[in-house]
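**Student:** need the 3D shape of this:
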Amino acid sequence: MKKILFILTTALIVSACGNTKVTDEAAKREQLQELKQQVHTLEQQIHVLEMELSANETEELVNIKTNTLENQKFEHFIEVTGKVEAEQDVNVSPESAGIIKEVLVSEGQQVSKGQVMARLNTDVLERSIEELQVQLDLAITNYERQKNLWDQNIGSEMQYLQAKNNKESLEKRIQSLNTQIEMSEVKSPINGVVDIVYQKKGNIGSPQTPFAKVINTGNIKIYGDISESYITKVHQGDNVEIRFPALDKTVDAKINQIGNTIDPNNRTFRVRININNPTNLIKPNLVSVISLRDYVNDSAIVVPLLYIKEDFNGHYTYVVEKENGEDVARKVYVTPGVTNNNMTEIVDGLSAGMRIISEGYNQVVNGTAVQIN
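**Tutor:** As a prediction, the model looks like this:
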């Protein structure tokens with residue numbers, strides 16, 4: 001074929017050189033006609049040679065790999081960031097105001113419910129109780145004498161009642177002061193650990209100022225904000241998976257509560273999940289990822305997302321079919337459904353038993369002869 005093209009090229013060059021010597025127009029036309037005839041003849045010869053070479057060539061098969069499709073369970077999950085909180089997390093404050101006289105705990109210390117963590121200065125209250133106690137002793141003596149006289153029908157009833165009232169009034173005042181002294185003790189309301197001590201000895205304590213934070217991380221609650229579009233797909237009691245990337249730890253749990261309102265700012269509703277944390281390894285505000293299942297199909301055709309291509313007519317993939325005893329690639333248009341973890345459910349177009357091309361699909365077109373490895 002290359003020799004024929006070389007002859008044709010040479011002939012054209014020679015004729016071109018000859019044309020410069022031809023001055024007669026008729027001769028030029030005749031020469032041009034002869035050259036066109038030569039080109040036509042050469043083209044026919046080229047075509048015949050190409051057909052002969054093509055007939056001698058054997059068709060090369062494309063090597064591929066396939067997977068046989070089967071019905072399988074397919075699940076789709078949604079993931080949201082969780083907010084970790086301790087079930088018991090309390091800022092402890094004094095019930096009354098006063099100067100902090102003693103601090104009895106330190107940060108990181110284990111405390112039990114009712115344990116005294118600090119005391120306020122109660123010197124004034126104690127002196128008041130001592131003064132009232134002296135008055136009460138006299139009031140009791142006076143009351144007993146008036147009672148004895150009244151029992152003997154001696155003296156007036158008013159004197160007896162006044163003595164009784166004076167005694168009881170002093171007793172209640174002392175009781176009130178004792179209660180105030182008890183309120184000056186800062187006690188832990190829960191079993192837990194002293195996480196932060198905000199104040200120290202000499203500071204002024206008050207009900208409006210926290211003295212310390214006590215936390216118990218034995219039980220953890222995790223909140224997640226779910227888009228309102230999933231409100232019909234998430235239910236109380238559904239299984240969830242909670243992943244803690246920093247701990248490289250995964251925990252299975254259930255949804256304990258679903259919020260009854262939609263947040264107008266981000267159009268989400270809240271779910272709550274309770275988990276046990278006996279090792280106290282999970283800390284409040286630790287980054288967590290909540291994975292919730294919102295779709296399941298127990299008998300689905302599922303293929304890797306990578307196998308699915310798209311053109312102007314829609315989504316397609318390649319399968320292998322037998323034609324005249326040979327394996328050929330066939331382009332099949334499909335209807336993809338939900339995708340999860342790079343796996344896609346095929347709603348229509350594929351069925352169990354079909355052989356989908358898993359390797360080599362980029363080297364075939366519709367009708368390509370293939371060889372399965």
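**Student:** could I get the full set of strands for the stretch 101-250 of the chain?
**Tutor:** Secondary structure of the stretch 101-250 of the chain (DSSP state E, counting those that start in this stretch): strands at 110-111, 116-120, 185-187, 192-197, 204-205, 212-227, 239-244, 249-258.
**Student:** export the ones you listed to a markdown table and tack on mean neighbour count, mean pLDDT and distance to residue 349?
**Tutor:** In short, each C-beta sits where N, CA and C put it, glycine included. Shown next, in a markdown table, are the strands of the stretch 101-250 of the chain (neighbours: other CB atoms under 10 Å; pLDDT from 0 to 100; distance: least, CB to CB, whole Å):
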| stretch | mean neighbour count | mean pLDDT | distance to residue 349 |
| --- | --- | --- | --- |
| strand 110-111 | 16 | 94 | 63 |
| strand 116-120 | 20 | 91 | 69 |
| strand 185-187 | 20 | 89 | 70 |
| strand 192-197 | 18 | 94 | 58 |
| strand 204-205 | 19 | 88 | 73 |
| strand 212-227 | 20 | 94 | 30 |
| strand 239-244 | 17 | 94 | 31 |
| strand 249-258 | 14 | 94 | 35 |
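**Student:** in a markdown table, list these along with distance to residue 32.
**Tutor:** As requested, the strands of the stretch 101-250 of the chain are arranged in a markdown table below (distance: least, CB to CB, whole Å):
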| stretch | distance to residue 32 |
| --- | --- |
| strand 110-111 | 110 |
| strand 116-120 | 115 |
| strand 185-187 | 116 |
| strand 192-197 | 103 |
| strand 204-205 | 116 |
| strand 212-227 | 78 |
| strand 239-244 | 82 |
| strand 249-258 | 85 |
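**Student:** where does pLDDT dip in the stretch 51-200 of the chain?
**Tutor:** Scanning the stretch 51-200 of the chain for pLDDT under 70 picks out 51-59, 155.
**Student:** ok, which stretches of it are helices?
**Tutor:** If you assign secondary structure with DSSP state H, counting those that start in this stretch, the helices in the stretch 51-200 of the chain sit at 123-151, 157-183.
**Student:** buried residues, the longest one. List them.
**Tutor:** Applying a neighbour-count criterion of 16 or more other CB atoms under 10 Å, one finds 125, 128, 129, 132, 136, 139, 142, 143, 146, 150 buried in helix 123-151.
**Student:** next one: the shortest one
**Tutor:** Taking 16+ other CB under 10 Å as the basis for neighbour counts, the residues of helix 157-183 that come out buried are 160, 163, 164, 166, 167, 170, 174, 177, 180, 181, 183.
**Student:** with stretch 75-89 instead?
**Tutor:** Residues of stretch 75-89 classed as buried by neighbour count (16+ other CB under 10 Å): 75, 76, 78, 80, 82, 83, 84, 85, 86, 87, 88, 89.
**Student:** tell me how far the first one lies from residue 244.
**Tutor:** Using CB to CB, to the nearest Å, residue 75 is found at 22 Å from residue 244.
**Student:** helices or strands up against whichever strand in the chain runs longest?
**Tutor:** Ranked by residue count, the top strand of the chain under DSSP state E comes out as strand 71-92. Taking 3 or more CB pairs under 8 Å, 6 or more residues apart in numbering; DSSP states H and E as the contact definition, the neighbouring helices and strands of strand 71-92 are strand 212-227, strand 288-304, strand 335-340.
**Student:** closest one to residue 66 among these?
**Tutor:** For these, the distance to residue 66 is smallest for strand 288-304, at 11.7 Å, taking CB to CB.
**Student:** okay, now the sheet partners of the next helix or strand after the closest one, with direction.
**Tutor:** Once the chain leaves strand 288-304, the next helix or strand it forms, by DSSP states H and E, is strand 309-311. Taking DSSP bridges as the criterion, strand 309-311 forms sheet pairs with strand 314-323 (antiparallel).
**Student:** off-centre distance for the partner strand?
**Tutor:** In terms of CA atoms, centre = their mean, to the nearest Å, the centre of strand 314-323 is found 37 Å from the chain centre.
**Student:** what's next to it, contact-wise?
**Tutor:** 64, 66, 303, 307-310, 327-336, 349-350, 354-357, 361, 364, 370, 372 (CB atoms under 8 Å, 6 or more residues apart in numbering).
**Student:** among those residues, the buried ones, what's the PyMOL command?
**Tutor:** Applied in PyMOL, the following selects the buried portion of those according to 16+ other CB under 10 Å:
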select buried, resi 64+66+303+307+327+328+329+330+331+332+334+336+349+350+354+355+356+357+361+364+370
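**Student:** inside strands: which ones of the contacts of strand 314-323?
**Tutor:** Among the contacts of strand 314-323, DSSP E puts 64, 66, 303, 309-310, 327-333, 335-336, 355-357, 370, 372 in strands.
**Student:** contacting residues for residue 341?
**Tutor:** For residue 341, the contacting residues are residue 77, taking CB under 8 Å, 6+ apart as the criterion.
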